[in-house]
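Undergrad: The sequence and its predicted three-dimensional model are supplied below.
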Amino acid sequence: MKDLCFYFKGSWEIHRKIFISDSQIPYAQANGKVLLETRDNRDHYLFYHESGKLNIIEDNSEISFFRNYQYLFTEMGLDIYFDDLPTQKFYLYQQYFRKGSQLVTQEKHVCNKDLYNGRFEFLDDYNFMHYTSIYGPNKNYTIITEFTKRL
């Protein structure tokens, strides 16, 4: 539990690619920053804040983005809660369980009939990947995010 919390804590750079359906060519790419920090002296919790710029490749448009989550480290792995006011405050997004050098979801998250599935893959002390697949009647894409720790 403390090992995962210690690993995630800090400042990260992210590079993200978004693929529509089964395409091998990215629909969009993003670059940004993530800060995972303690808040309110709560044990086993980190506050996650990401921000950056998303580039839609087709028309070269650029959009700013941000997202907040609460990371709760458990004996089994990691629970991620939305931390966006006012609609999704502390709503459970996904539970991840340890499986070797990965954290994998046990159940898919459902949102408007679309299914979200994800996994973390730890590469080394300063790099990890996060994979998310979303499919259903409204969405069908894959998001691959590379995290690099800023020293």
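TA: Alright, I've got the coordinates.
Undergrad: Could you pull out the helices in the chain for me?
TA: 2-8 (DSSP state H).
Undergrad: can you pull up the bridge partners for Asn31?
TA: Applying DSSP bridges to Asn31 yields these beta-bridge partners: His15, Lys53.
Undergrad: And the pLDDT at it?
TA: On the pLDDT scale, Asn31 is placed at 99.
Undergrad: Name the residue closest to the centre of the protein, please.
TA: His130 (6.1 Å; Cα atoms, centre = their mean).
Undergrad: Can you give me the distance of that one to Ser61?
TA: The gap separating His130 from Ser61 is 24 Å, by Cβ to Cβ, to the nearest Å. From N, CA and C alone the C-beta is placed, and that goes for glycine too.
Undergrad: just to revisit the earlier point, enumerate every residue touching the residue nearest to the centre of the chain.
TA: Neighbouring residues of His130 by Cβ atoms under 8 Å, 6 or more residues apart in numbering: 118-121, 143-145, 147.
Undergrad: can you put those residues in CSV and add distance to Phe65?
TA: Converted to CSV, those look like this (distance: Cβ to Cβ, whole Å):
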residue, distance to Phe65
Gly118, 18
Arg119, 22
Phe120, 20
Glu121, 23
Ile143, 12
Ile144, 16
Thr145, 12
Phe147, 16
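Undergrad: which among those end up buried?
TA: Applying 16 or more other Cβ atoms under 10 Å to the contacts of His130, the neighbour count classes 118, 120, 143, 145, 147 as buried.
Undergrad: least confident pick among the residues you listed?
TA: Lowest pLDDT among the buried ones among the contacts of His130: Gly118, with 90.
Undergrad: And that residue, how far from Leu103?
TA: From Gly118 to Leu103 the distance is 9 Å (Cβ to Cβ).
Undergrad: Show me the common contact partners of the two, please.
TA: Tyr96.
Undergrad: What is the nearest of the contacts of His130 to Tyr48?
TA: Phe147 (11.1 Å; Cβ to Cβ).
Undergrad: who's in contact with the closest one?
TA: Counting by Cβ under 8 Å, 6+ apart, Phe147 touches 12-14, 34, 127-130.
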